[in-house]
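Undergrad: Give me a model of this one.
(chains A and B)
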Amino acid sequence: MILRLAAASLMARALTVGMTVLAIGLSVALFLGVEKVRTGAKASFADTISGTDLIVGARSGSVQLLLYSVFRIGNATNNVTWESYQDLSSRPEIDWIVPISLGDSHRQFRVMGTTSGFFEHYKYRQGRRLAFDEGVTMDDLFDTVIGHDVAQSLNYSVGDPIVVAHGLASFTEHKDQPFRVSGILEKTGTPVDRTVIVSMEAIEAVHVDWQRGAKIPGQTTPVDQIRQMDLTPKAITAALIGVESPLQTFALQRAINEYPEEPLLAILPGVALQELWGIVGIAETALLAVSVLVVVTALIGMMATIFSSLNERRREMAIFRAMGASPVAILGLLILEAILTAAAGAILGLGLLYVGLFIAQPLIDSAFGLFLPIDPPALREILVLLTVIAAGAIVSMIPALRAYRLSLADGMTVRS
Amino acid sequence: MGADSIINLKDVRFRWPGRASFSIAVADFTVQAGESVLLLGESGSGKSTLLSLICGTVLADAGTVSVGGTDLKSLTGGSRDRFRAEQIGVIFQQFNLLPFGSVADNILLPLRFAPDRKSRCSDPRREAEALCLALGLPKGVTGAKAATLSVGQQQRVAVARALIGQPPILIADEPTSSLDETAQSSFLDLMFDQVRAQGSTLLMVSHDPRLADRFDRVVRMPDIVTVERQAA
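TA: The predicted model follows:
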């Protein structure tokens, strides 16, 4: 009955209580949303590469190498010569090696040159392999395999022509060497979805008439003639490596890092990822702190609402006292009301989170390649909700103690 | 203190915490069991303070306040609250009810804090309904929200709440002040009928001397309570 009366009392003050519930709900949704994005981003990054023991590129920073080679974020400051790549490939510790060459683009999507080994060895999300939604891998020099998002956003299907642009933000296109979509990959939730994949030779082919990053004026080599040329790459951007035995990983890494012919860098993807988390950790903590402060602000707002309602509720408390309720029961009643308010806010927040996720999930996925799964609330989220409710109970103790003192002081005197 | 006295105040002094300028003193005041007593007094004569002392929501600084033979000072805070719930039904001047609760919620509220009183009701909801009917309230009123009733109806619900579970003492603090003359008369008739039916003791405070005829005894506040006011 007391619970029902507490709920009825809250309902009688629906407007102010509703605003408090909304404030708590929005703050909880923000906090859970930030958490969702944070954990989603981590999971998404961690799921992007699996089964690759080492990544090799020109010597730079390990995070930089990881970002441009796997996540297509940023650019390589230098390339690895084909000779070095060949040399590395022949090392006995290496089980497989896949070169990648980056630099060109199609619309806003990166073009990546690689070999058929990429489809065989690249794994994501605990060892899943790439699979074709439609079509097959590149058979012809000017065949391309496109990621799921590329096909979706540009409405491409197998057989459609593609013209690759030089560089990332260039208006110069390799329009004399158009590609044909030979295959579309299934959705992976990784940067592969937003990649246009061509062969290493194709990268060379579209640059036949280019020198030092600029097109040679007046030179247009016919496609048929290009097909007859030696299109062995001169350089690659990076290479993904799988070792024969995990025990050899560190020895191979050291050997590559000390490679005498060229300054190279070999990184362990997991270690580089941890380094990346270390860098973004401060921003992550700051973001979390801000969202915690928003929740705290909402709870303080609830406390202020309870405080402001105390005077007008002294009559109600006097009635309870006259009926035999102890001051402790009055204290408990106010805390119970705060718990109900905070619980309603927490549930509203959870609801807003899911509505927000439902609406924003495809937009975030296409804009940032960040797939936020819509799962039932995890234990961590439930704990957050319970913490908010407990915090609501704790902050309500301050006005509840005031009510306790008022009910002691008022006695049977009912004041309006 | 007589053998049948149900309320007794002896050499009581009380000053409200934080209100040093106002204090009251009661030399001797006794109400016999089953008696109906009208306390007549003007505003500021210490009526509400006297009722707070009898109900045990505040404790005397000196002297003894006994209710049903129990010195209220001998009880701990929690047991004094429970004692009040068990022994005393209270009717306020106005705004007696929790407006957000139903009539039934309001009537049954004291039983929540008074297990013995509750045990005297075989079916509390049915008893609440019966009390409402006896007090002239319409059938089915227990399901209505308290805020939807007229002031007169709310006062009758307050009587029903004070009487449920047959507490030995009924304390009414100017319960008719917000009613017109006709409603006053009808309200008092119904209240007295129920009080007599239950054999309860009635202690009612009012400033209206015309009500005196209805009571076994009339006590003027200045005769029992000395109010001291000091300039703040």
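Undergrad: Give me the below-cutoff pLDDT ranges for the stretch 301-416 of chain A.
TA: The model of the stretch 301-416 of chain A has pLDDT under 70 over residues A:366, A:369, A:408-416.
Undergrad: er, chain B actually
TA: For chain B, the stretches flagged by pLDDT under 70 are B:1-3, B:18-20, B:94-95, B:230-232.
Undergrad: Over in it, which residue gets nearest chain A? Let me know.
TA: Here the residue of chain B nearest chain A is B:Ala85; by CB to the nearest CB that distance is 2.3 Å. In short, each C-beta sits where N, CA and C put it, glycine included.
Undergrad: For that residue, what are phi and psi?
TA: phi -60, psi -40 (degrees, to the nearest 10).
Undergrad: Chain neighbours aside, what residue packs nearest to it?
TA: A:Gly324 (2.3 Å; CB to CB, 6 or more residues apart in numbering or on different chains).
Undergrad: quick one: contacts for that neighbour?
TA: Residues in contact with A:Gly324 (CB atoms under 8 Å, 6 or more residues apart in numbering or on different chains) are B:Asp81, B:Arg82, B:Arg84, B:Ala85, B:Glu86, B:Pro110, B:Arg112, B:Phe113, B:Ala114.
Undergrad: okay, those residues in a markdown table with distance to A:Asp209, secondary structure and neighbour count next?
TA: A markdown table is the format used below for the contacts of A:Gly324 (distance: CB to CB, whole Å; DSSP: H, G, I helix; E, B strand; the rest coil; neighbours: other CB atoms under 10 Å in any protein chain shown):
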| residue | distance to A:Asp209 | secondary structure | neighbour count |
| --- | --- | --- | --- |
| B:Asp81 | 95 | helix | 24 |
| B:Arg82 | 98 | helix | 20 |
| B:Arg84 | 100 | helix | 31 |
| B:Ala85 | 97 | helix | 27 |
| B:Glu86 | 102 | helix | 20 |
| B:Pro110 | 97 | helix | 27 |
| B:Arg112 | 91 | helix | 19 |
| B:Phe113 | 94 | helix | 21 |
| B:Ala114 | 98 | coil | 25 |
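Undergrad: can you give me the helices for the stretch 51-200 of chain A?
TA: A:62-70, A:82-89, A:117-121, A:148-154, A:200-206 (DSSP state H, counting those that start in this stretch).
Undergrad: how distant is stretch A:384-394 from the center of its chain?
TA: Computed by CA atoms, centre = their mean, to the nearest Å, the chain-centroid distance of stretch A:384-394 equals 28 Å.
Undergrad: what does stretch A:357-374 give?
TA: Centroid displacement of stretch A:357-374 relative to its chain, using CA atoms, centre = their mean, is 9 Å.
Undergrad: what's in contact with it?
TA: With contacts defined as CB under 8 Å, 6+ apart, stretch A:357-374 is touched by A:33, A:36-37, A:40-41, A:44, A:149, A:152-153, A:189-191, A:193-194, A:354.
Undergrad: which among these end up buried?
TA: A:33, A:36-37, A:40-41, A:44, A:149, A:152, A:189-191, A:193-194, A:354 (16 or more other CB atoms under 10 Å in any protein chain shown).
Undergrad: is it true that B:Glu127 touches B:Lys118?
TA: No - in this structure B:Glu127 lies outside contact range of B:Lys118 using CB atoms under 8 Å: 10.3 Å.
Undergrad: Give me the common contacts of the two.
TA: B:Gly165.
Undergrad: neighbour count winner among the two?
TA: The neighbour comparison of B:Glu127 against B:Lys118 (other CB atoms under 10 Å in any protein chain shown) goes to B:Glu127, with 20 against 17.
Undergrad: Spatially nearest residue to that one (excluding sequence neighbours)?
TA: Closest to B:Glu127 by CB to CB, 6+ apart is B:Cys121, at 4.8 Å.
Undergrad: Within range of chain A, give me the residues from chain B.
TA: Residues of chain B found near chain A (CB under 8 Å from any CB of the partner chain) are B:16-18, B:48-49, B:51-52, B:55, B:57-58, B:77-78, B:81-82, B:84-86, B:90, B:92-93, B:95-101, B:105, B:108-110, B:112-114, B:161, B:173.
Undergrad: Select only the buried ones of the residues you listed in ChimeraX?
TA: Restricted to buried positions by 16+ other CB under 10 Å, the ChimeraX selection for the residues of chain B next to chain A reads:
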select /B:16,48,49,51,52,55,57,58,81,82,84,85,86,90,92,93,95,96,97,98,99,100,101,105,108,109,110,112,113,114,161,173
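Undergrad: Just the residues of chain B next to chain A: which are in helices?
TA: B:48-49, B:51-52, B:55, B:77-78, B:81-82, B:84-86, B:105, B:108-110, B:112-113, B:161 (DSSP state H).
Undergrad: which ones are touching A:Ile381?
TA: In this structure residue A:381 is Glu, not Ile. Residues in contact with A:Glu381 (CB under 8 Å, 6+ apart) are A:Leu32, A:Glu35, A:Leu350.
Undergrad: same deal with A:Ala239?
TA: Applying CB under 8 Å, 6+ apart, the residues near A:Ala239 are A:Ile55, A:Val56, A:Gly57, A:Val80, A:Tyr85, A:Leu88, A:Ile97, A:Val98, A:Pro99, A:Ile100.
Undergrad: Can I get the buried part of those residues as one PyMOL selection?
TA: The buried residues among the contacts of A:Ala239 can be selected in PyMOL (16+ other CB under 10 Å) with this line:
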select buried, chain A and resi 55+56+57+80+85+88+97+98+99+100
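Undergrad: Which single one of the contacts of A:Ala239 is nearest to B:Ser5?
TA: Comparing the contacts of A:Ala239 against B:Ser5 with CB to CB picks out A:Ile55 as the nearest, at 95.5 Å.
Undergrad: Give the full set of residues in contact with that closest one.
TA: Neighbouring residues of A:Ile55 by CB under 8 Å, 6+ apart: A:Leu65, A:Leu66, A:Ser69, A:Val70, A:Ala238, A:Ala239, A:Leu240, A:Ile241, A:Ala266, A:Ile267, A:Pro269, A:Ala272.
Undergrad: Distance of the fifth one relative to chain B?
TA: In other words, A:Ala238. 68 Å (CB to the nearest CB, to the nearest Å).
Undergrad: which secondary structure elements does whichever strand or helix holds A:Val296 contact?
TA: Per DSSP states H and E, A:Val296 falls inside helix A:269-310. Using 3 or more CB pairs under 8 Å, 6 or more residues apart in numbering or on different chains; DSSP states H and E, the elements in contact with helix A:269-310 are helix A:14-48, strand A:54-58, helix A:62-70, helix A:327-368, helix A:379-410.
Undergrad: Can you add neighbour count and give the contacts of A:Glu381 back as CSV?
TA: Listed next are the contacts of A:Glu381 as CSV, based on neighbours: other CB atoms under 10 Å in any protein chain shown:
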residue, neighbour count
A:Leu32, 26
A:Glu35, 18
A:Leu350, 19
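Undergrad: Quickly name whichever of those residues is closest to A:Ser199.
TA: A:Glu35 (42.0 Å).
Undergrad: how close does the closest one get to chain B?
TA: Going from A:Glu35 to chain B by CB to the nearest CB gives 36 Å.
Undergrad: repeat for A:Asn75
TA: 66 Å.
Undergrad: Can you name the residues that contact that residue?
TA: Residues counted as contacts of A:Asn75 (CB under 8 Å, 6+ apart) are A:Tyr68, A:Leu102, A:Gly103, A:Leu168.
Undergrad: What is the burial count for B:Leu40?
TA: 21.
Undergrad: Surely it touches B:Val218?
TA: Yes - look at B:Leu40 against B:Val218 with CB under 8 Å: they come within range, at 6.0 Å.
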